[in-house]
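A.B. asks: sequence plus the predicted model coming up.
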Amino acid sequence: METLRYGGRGNQVLLLQLALKRAGFYHETPDGVFGTKTLNMLKRFQRASGLSPDGIAGNRTWAAAEPYIYGYVGAKLRQGDTFYRLAKRYGTDADAIAAANPSLDPADLRLGANAVVPLGFPVTATDVPWSSLLAKITAEGLMKRYPFISTELMGYSVLGRELFALKMGKGKREVFINAAHHANEWITAPLVFDFLETCAEAYASGGEVEGRSAASLFSETKLFITPMVDPDGVDLVNGAAPREGYERARAIAEDYPDIPFPSGWKANIEGTDLNLNYPAEWDTARDNKYRMGYVKPAPRDFVGGYPLSAPESAAVYGFTKRHDFALTVSYHTQGGEIYWQFAGIEPEGGEALARKMAEVSGYKAAEAPYESGFAGYKDWFILEYRRPGFTVEAGRGSNPLPLSQYGSIRRENFPIMAAALAGE
Ligand SMILES: [Zn+2]
């Protein structure tokens, strides 16, 4: 992390504010601006952490703050420690500690052993704009807190960010949920992380997911999530892009003055719309979009030079090929609709499940509009496998949807994802 001081701004300031808020020192909405309030709260946090209160976030301050971003702290066991005592010391609960440390025997805790102590809040932040860095941190935090979650590397974005999937469950039936193919639809990233975390918590504690036993769901099914297919684009929209990426995108956007920059950006950082880059009647998508004027890299709607020309869509394609997904859900915003067909192909079971998803969410099972009905991930999945693949357009309004909608989006979409998991 960078050294931060008064007057700074940006994504890392936002993460610092998130940490201070979770630690109980900051009561504002994190805004990424290091002003007087952040300065004062940081000094209080430093004092409480036994650091000199200089109001500068350097290495030692970050070391104290990071557990509040990652959602756990590493602890060395002291004389007489039990999970219960550890939990009291860190304001968390003993069951969460047990779940995070399957290799420690609570009846035989050794002095000096290392324990992972989950802190008393969910890892997934739903009150700050997201970045690729926050996605990476959240993935790591979830894997520490729930060691039965593991990761699979899918590839790298144009700017070298890791494209990854997280997985949990022991079942043979594989379900794949992906999000943020489109940059300014980034609110779908915390949505799928939040769902995974909710599943993991239920699984660890013998609980339920949307009224279904987590133990039985995950004995039948293995869930894979890819929270951010377009990390570079998300960083661009939320002010977290490196300068080179920002400049490259801005040069592309200059030719499209009607599209707000960067908030209207949907594409990858090179101006390819990732959900128009799959080999599913790509030529038709190209002809449609060319007719609309998107004949070269653009903030949205440019199909790319050829199918899978973008490393991000190529990575998702390769990942899908290496697996045997029974069903996929791709998260987009907005409109409250669920698409389940492709070019007249109606995969078996697709319609029934789309209707179920509509019923539990209040969304509408619909046909995708013709002009965006080709070369998407869902299109390719249905064409290639003839199995149910869905695009869900979550929320309502105009992109990027504000975080104030997060609660309703969560309520509408958790039952959709639970239905996808169960396959009914
Ligand atoms: Zn979209």
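C.D. replies: Done, it's in. Residues are numbered from 1 along each chain as shown.
A.B. asks: what packs against whatever helix or strand F164 lives in?
C.D. replies: If you go by DSSP states H and E, F164 is part of strand 162-168. Where contact means 3 or more Cβ pairs under 8 Å, 6 or more residues apart in numbering; DSSP states H and E, strand 162-168 is packed against helix 132-145, strand 150-156, helix 188-205, strand 221-226, helix 311-322. In short, each C-beta sits where N, CA and C put it, glycine included.
A.B. asks: tell me the buried residues in the last one?
C.D. replies: By neighbour count, and taking 16 or more other Cβ atoms under 10 Å as the criterion, the buried residues in helix 311-322 are P311, E312, S313, A314, A315, V316, Y317, F319, T320.
A.B. asks: past that helix, which element shows up next along the chain?
C.D. replies: Using DSSP H and E, the next helix or strand after helix 311-322 towards the C-terminus is strand 325-333.
A.B. asks: pairing partners for whichever helix or strand comes after that following strand, with directions?
C.D. replies: As assigned by DSSP H and E, the chain's next helix or strand after strand 325-333 is strand 337-339. Pairing partners of strand 337-339, with direction, according to DSSP bridges: strand 364-366 (parallel), strand 389-394 (antiparallel).
A.B. asks: would you list those in TSV and tack on distance to A75, mean pLDDT and mean neighbour count?
C.D. replies: Output for the strands paired with strand 337-339, formatted as TSV (distance: least, Cβ to Cβ, whole Å; pLDDT from 0 to 100; neighbours: other Cβ atoms under 10 Å):
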stretch	distance to A75	mean pLDDT	mean neighbour count
strand 364-366	49	96	17
strand 389-394	38	98	26
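A.B. asks: quick check: which of the ones you listed is nearest to the ion?
C.D. replies: When those are compared by Cβ to the ion, strand 389-394 sits nearest the ion, at 7.3 Å.
A.B. asks: strand 325-333 and that closest one, what's the angle between them?
C.D. replies: Strand 389-394 runs at 20 degrees relative to strand 325-333, counting by axes from the mean of the first three to the mean of the last three Cα atoms, to 10 degrees.
A.B. asks: who's in contact with the following helix or strand past strand 389-394?
C.D. replies: Using DSSP H and E, the next helix or strand after strand 389-394 towards the C-terminus is helix 406-422. Applying Cβ atoms under 8 Å, 6 or more residues apart in numbering, the contact partners of helix 406-422 are 126-127, 175, 177, 187, 190-192, 194-195, 198-199, 209-212, 217, 220-221, 223, 327, 329, 331, 333, 336, 338, 353, 356-357, 360-363, 390, 392, 394-395, 401.
A.B. asks: now helix 406-422: how far from the chain's centre is it?
C.D. replies: 14 Å (Cα atoms, centre = their mean, to the nearest Å).
A.B. asks: likewise stretch 129-138?
C.D. replies: Distance of stretch 129-138 from its chain centroid, counting by Cα atoms, centre = their mean, is 8 Å.
A.B. asks: number of residues surrounding the residue of the stretch 201-350 of the chain found nearest the ion?
C.D. replies: At 3.2 Å from the ion, H332 is the closest residue in the stretch 201-350 of the chain, using Cβ to the ion. Counted with other Cβ atoms under 10 Å, residues neighbouring H332 total 25.
A.B. asks: dump the residue contacts of L39.
C.D. replies: Y6, G55.
A.B. asks: pretty sure it is in a helix, no?
C.D. replies: Yes. Counting by DSSP: H, G, I helix; E, B strand; the rest coil, L39 is part of a helix.
A.B. asks: in contact with the residue of the stretch 201-350 of the chain closest to the ion, which residues?
C.D. replies: Taking Cβ under 8 Å, 6+ apart, we find H332 in contact with H181, H182, E185, T188, N275, T391, V392, E393, A394.
A.B. asks: re the thing from before, quick check: angle from the strand holding F164 to strand 150-156?
C.D. replies: Comparing the axes of strand 162-168 and strand 150-156 via the same axes, to 10 degrees yields an angle of 160 degrees.
A.B. asks: what's downstream of strand 162-168, the next helix or strand?
C.D. replies: Immediately after strand 162-168, counting by DSSP H and E, sits strand 173-179.
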